[in-house]
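Chemist: structure of the sequence below:
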Amino acid sequence: MEVHKDRGIVFDTDYPYIDRSRAFRFKQELIRILLNILVFPLCRIRLGLKIEGRENLKKHRDVLNNGTLSVANHVHMWDYLSIMRAIRPYRSNLLSWAPNINGENGTLIRMVGGIPIPDSNIAATKTYLKAVRNLLQNDHGWLHIYPEGSMWEYYAPVRPFKRGAAHIAVDTNKPILPLGFSYRKPGWIRKHIFRQIACFTLRIGEPLFPNPALNPKEREKDLTIRCHDAVCRLAGIEPEDNLYPPLFNDSKRIDYYTDTYGIGYKGSH
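Modeler: Predicted coordinates for the structure are as follows:
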């Protein structure tokens, strides 16, 4: 998604990466009411959303209640709303590139838990990472990360993962819960009346933990690869059949998505 606006917010050491003010929290509560009453039902209708694997939230409740991260393939403008709906009653926060928070949708992204990643500012990065550590370790919160880094709409292969999610998981000794979006063929009405390209299925996996037997760098690499493989399988793709290997991608490009629709229905239902 191309960012057309810059609101001029400076993400420095004084910025509240996790805003705990009463005014902000009050606004968030109002937004959550709107999400539950209007947006989540609309999301289900608009995307033809099916959610599978919610039993894993109950099965691993003790782990998830102690602070967790989640990752997923990034395939639609509304996929984070789908994730918010899927993991209820948990409330997630979302890492987002700073230009997105500074863009025209920045206020809304903040209201649904968006945390900006400061760019090219070492001191600000330390402040942001401290806030994230506190969220996971002290508040036992939930942090969602899109390790592909950018949104490619209706794209079937799972692209290379960046190491950020694994780095934070290793640093805080918290698990990562993989989630995967796959596609189903739309029915006649959705296809011909609403011009919907595909319907979505979101599957929830089981938590993956850093391997304490490895050194920190190898722990990050190992966890990144295991998360990538898990998201592939949840998306209905065997990792060896995926177009991309689980290589690390450090690109910060956020201004595009594909319109070539690399949809594959293999493994979907």
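
Chemist: please count neighbours and contacts with C-alpha atoms only from this point.
Modeler: Noted.

Chemist: any low-confidence regions in the stretch 151-269 of the chain?
Modeler: For the stretch 151-269 of the chain, applying pLDDT under 70 flags the ranges 245-269.

Chemist: apply 80 and report the result again.
Modeler: The stretch 151-269 of the chain contains residues with pLDDT under 80 at 194, 243-269.

Chemist: could you pull out the helices for it?
Modeler: 164-172, 188, 216-234 (DSSP state H, counting those that start in this stretch).

Chemist: same deal with the stretch 1-150 of the chain?
Modeler: Using DSSP H, counting those that start in this stretch, helices in the stretch 1-150 of the chain cover 22-34, 40-47, 55-59, 61-64, 79-86, 98-102, 106-111, 122-137.

Chemist: to K185, which of those helices lies closest?
Modeler: helix 40-47 (11.5 Å; C-alpha to C-alpha).

Chemist: wouldn't I31 be in contact with M111 here?
Modeler: Yes: between I31 and M111 a contact is recorded at 6.9 Å, counting by C-alpha atoms under 8 Å.

Chemist: which of these two has more neighbours?
Modeler: M111 (19 against 16; other C-alpha atoms under 10 Å).

Chemist: excluding chain neighbours, what is closest to that one?
Modeler: Distances taken as C-alpha to C-alpha, 6 or more residues apart in numbering put Q28 closest to M111, at 5.4 Å, once the chain neighbours are dropped.

Chemist: pLDDT score for that neighbour?
Modeler: Here, the pLDDT recorded for Q28 equals 94.

Chemist: from here on, count from 527
Modeler: Sure, I'll start numbering at 527, so the last one becomes Q554.

Chemist: is it true that it touches I635?
Modeler: No: counting by C-alpha under 8 Å, Q554 stays clear of I635, with 10.7 Å between them.
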